[in-house]
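**Student:** Build me a model:
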Amino acid sequence: MEPEKQSMTIEFVGVSLAEANRFASELSQSLQGLPEVEVEQRRGSENTQDMGATLVLLFGTPAILAIAKGIQTYLSKRHDAKITIKGPQGEVRAENITSQDAITLAEVFKSSAPPSEK
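**Tutor:** You can find the predicted model right below:
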């Protein structure tokens, strides 16, 4: 039986829609190669014609640390990017995170995993 996948959304905040689209595209590309991670870029509203300023991730528990490190690496290069990560247990806002913060972020993701996945 295949393990249950978790999901989260990542939204870019405090920037224009055009910047949010660009940031979402960049982060999507950097996360695409991670094993056990599916990344989809979506529009925040059906009324807009943007490429999508929101990322939706589907992943298994083993991918959590890799996702957190990928986000940390991206945000360390994009100091102007601020994100809100939403999952089943709530949301977290991240900006300028360090390697230690990435580990903490991974723990937050893991704590929202289904009990059979922890």
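**Student:** Burial check on A18, number of neighbours?
**Tutor:** Applying other C-beta atoms under 10 Å, we find 11 residues neighbouring A18. Every C-beta, even on glycine, is put in place using the N, C-alpha and C of the backbone.
**Student:** try P88
**Tutor:** Residues lying near P88 (other C-beta under 10 Å) number 10.
**Student:** Find the helix or strand that the closest residue to A66 other than its chain neighbours is a member of.
**Tutor:** In space, and not counting its chain neighbours, A66 is closest to L34: 4.9 Å by C-beta to C-beta, 6 or more residues apart in numbering. Taking DSSP states H and E as the criterion, L34 maps to no regular element, lying outside all helices and strands.
**Student:** How about S25?
**Tutor:** Take DSSP H and E as the rule and S25 turns out to sit in helix 17-31.
**Student:** hmm, who's touching that helix?
**Tutor:** Surrounding helix 17-31, the residues in contact under the criterion C-beta atoms under 8 Å, 6 or more residues apart in numbering are 10-12, 15, 37, 39, 41, 48, 50-55, 57, 67, 70-71, 73-74, 78, 80-81.
**Student:** repeat that for 7 Å
**Tutor:** Taking contacts as C-beta atoms under 7 Å, 6 or more residues apart in numbering, the residues outside helix 17-31 that touch it are 10, 12, 15, 37, 39, 41, 50-55, 67, 70, 74, 78, 81.
**Student:** And stretch 91-104, by the same measure?
**Tutor:** 68-69, 71-72, 75, 79, 82-85, 105, 108.
**Student:** Give the closest residue to F59 in space, chain neighbours not counted.
**Tutor:** Leaving out its chain neighbours, F59 is closest to V37 (C-beta to C-beta, 6+ apart), at 4.6 Å.
**Student:** Shouldn't A68 be within a helix?
**Tutor:** Yes - inclusion of A68 in a helix is indicated when DSSP: H, G, I helix; E, B strand; the rest coil is applied.
**Student:** ok, it to E19 distance?
**Tutor:** Computed with C-beta to C-beta, to the nearest Å, the distance linking A68 and E19 is 23 Å.
**Student:** That's all I had, so thanks and see you.
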